[in-house]
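Peer 1: Next input, structure requested:
(one chain, ligands or ions: 1)
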Amino acid sequence: MSRRKQIYEGKAKILYEGPEPGTLIQYFKDDATAFNAQKKATLDGKGVLNNRISEYVMLRLAEIGIPTHFLKRINMREQLIKKVDIVPLEVICRNVAAGTMAKRLGIEEGEALPRSIVEFCLKRDDLGDPLVAEEHIHAFGWATPEEVDEMVAMTLRINDYLRGLFSGIGINLIDFKIEFGRLALAEGHQIILADEISPDSCRLWDRETNKKLDKDRFRRDLGNVTEAYTEVATRLGIIKPSGPNGKPHLSVVSNEE
Ligand code: C5P
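Peer 2: Below you'll find the predicted structure:
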């Protein structure tokens, strides 16, 4: 790792300079944080699972025409991505009340929402990523009205697709957070999906039992966090149910170079 120039270190990922101009290497750490990094742990294997799950999801989304930053997976923990200017917003899409929305609006967790709802939070760790309105986004210039419209349209399309994808493997997509970036073009720029989509950034509940298969297992001390992520990867067909020693096996099922 030391041979590369580190560009940025986040809570769960590190970005290194890529081999070509306009590229970066995204490294998935095993670190988990919650509540704005007040709670921290290292979860063995989480980075490997998120690298694989995010690769899988980004590739499926590219197939339905969503532009993404993903280029290729390099190894168990790293992927090559397009370099973008991250839009300083977290875009959250919700289908079922949970987490901060359930708390903020006094809705029981698990209650289906009348329709999918898109929210924006400002990416500011020092402020705890506050919820913001489109008015703030336009007025403070974090994104233009056209960019906001594009992000909302893409988010709803991603939501539709991912709900179906997860439903096919017995999982309800409760909510998720995504980030977008501006990709520089010869003229102007294009808004593309960036960051990651994994059980760190989604709420995924088993359809039959409502068992949580996502980062809430860590946030709420439910235990078996990587086991839950492994379950998601297994159901997606990314890993084989068991290896030679009876343990889940990170085999090559799809999209391997
Ligand atoms: O905590 P909250 O209910 O607002 O989270 C909504 C969704 O966004 C959840 O799936 C959560 O995992 C994700 N999220 C995230 N990163 C954040 C905040 C929320 O991935 N900083």
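Peer 1: Report the contact partners of Q26.
Peer 2: Counting by CB atoms under 8 Å, 6 or more residues apart in numbering, Q26 touches 13-15, 78-81, 196. C-beta: built from backbone N, CA, C; applies to glycine.
Peer 1: Let's see that with 6 Å instead.
Peer 2: 13, 15, 79, 81 (CB atoms under 6 Å, 6 or more residues apart in numbering).
Peer 1: Show me what it bridges to in the sheet.
Peer 2: L15, Q79 (DSSP bridges).
Peer 1: coming back round to it: dump the contacts of Q26 into JSON lines; add neighbour count, pLDDT and distance to V87 as well.
Peer 2: JSON lines is the format used below for the contacts of Q26 (neighbours: other CB atoms under 10 Å; pLDDT from 0 to 100; distance: CB to CB, whole Å):
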{"residue": "K13", "neighbour count": "22", "pLDDT": "98", "distance to V87": "17"}
{"residue": "L15", "neighbour count": "18", "pLDDT": "98", "distance to V87": "16"}
{"residue": "Q79", "neighbour count": "23", "pLDDT": "98", "distance to V87": "20"}
{"residue": "I81", "neighbour count": "23", "pLDDT": "98", "distance to V87": "15"}
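Peer 1: Where does this protein get nearest to the ligand, which residue?
Peer 2: G99 (2.1 Å; CB to the nearest ligand atom).
Peer 1: Including distance to the ligand, could the contacts of Q26 go into CSV?
Peer 2: Listed next are these as CSV, based on distance: CB to the nearest ligand atom, whole Å:
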residue, distance to the ligand
K13, 12
L15, 17
Q79, 18
I81, 18
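Peer 1: for those, which one is nearest T234?
Peer 2: Q79 (20.3 Å; CB to CB).
Peer 1: my guess is that closest one contacts R73, does it?
Peer 2: Yes. Under the criterion of CB atoms under 6 Å, Q79 makes contact with R73 at 4.7 Å.
Peer 1: about what we covered before: relative to C202, which of the contacts of Q26 is nearest.
Peer 2: Nearest member of those to C202, counting by CB to CB, is K13, at 15.8 Å.
Peer 1: so who does K103 touch?
Peer 2: K103 neighbours (CB under 6 Å, 6+ apart): none.
Peer 1: in what helix or strand does it lie?
Peer 2: helix 99-105 (DSSP states H and E).
Peer 1: Dump the C-alpha coordinates for that helix into PDB.
Peer 2: What follows is helix 99-105 as a C-alpha-only set of coordinates in PDB (Å, rounded to 0.1, in the frame of the first residue of the first chain):
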ATOM      1  CA  GLY A  99     -33.600   4.800  11.800                       C
ATOM      2  CA  THR A 100     -33.500   8.500  12.000                       C
ATOM      3  CA  MET A 101     -36.700   9.100  10.100                       C
ATOM      4  CA  ALA A 102     -38.700   6.800  12.400                       C
ATOM      5  CA  LYS A 103     -37.300   8.700  15.400                       C
ATOM      6  CA  ARG A 104     -37.600  12.200  13.900                       C
ATOM      7  CA  LEU A 105     -41.200  11.800  12.800                       C
END
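Peer 1: Please point out which parts of that helix sit buried.
Peer 2: Of all the residues in helix 99-105, those buried under the rule 16 or more other CB atoms under 10 Å are 101-102.
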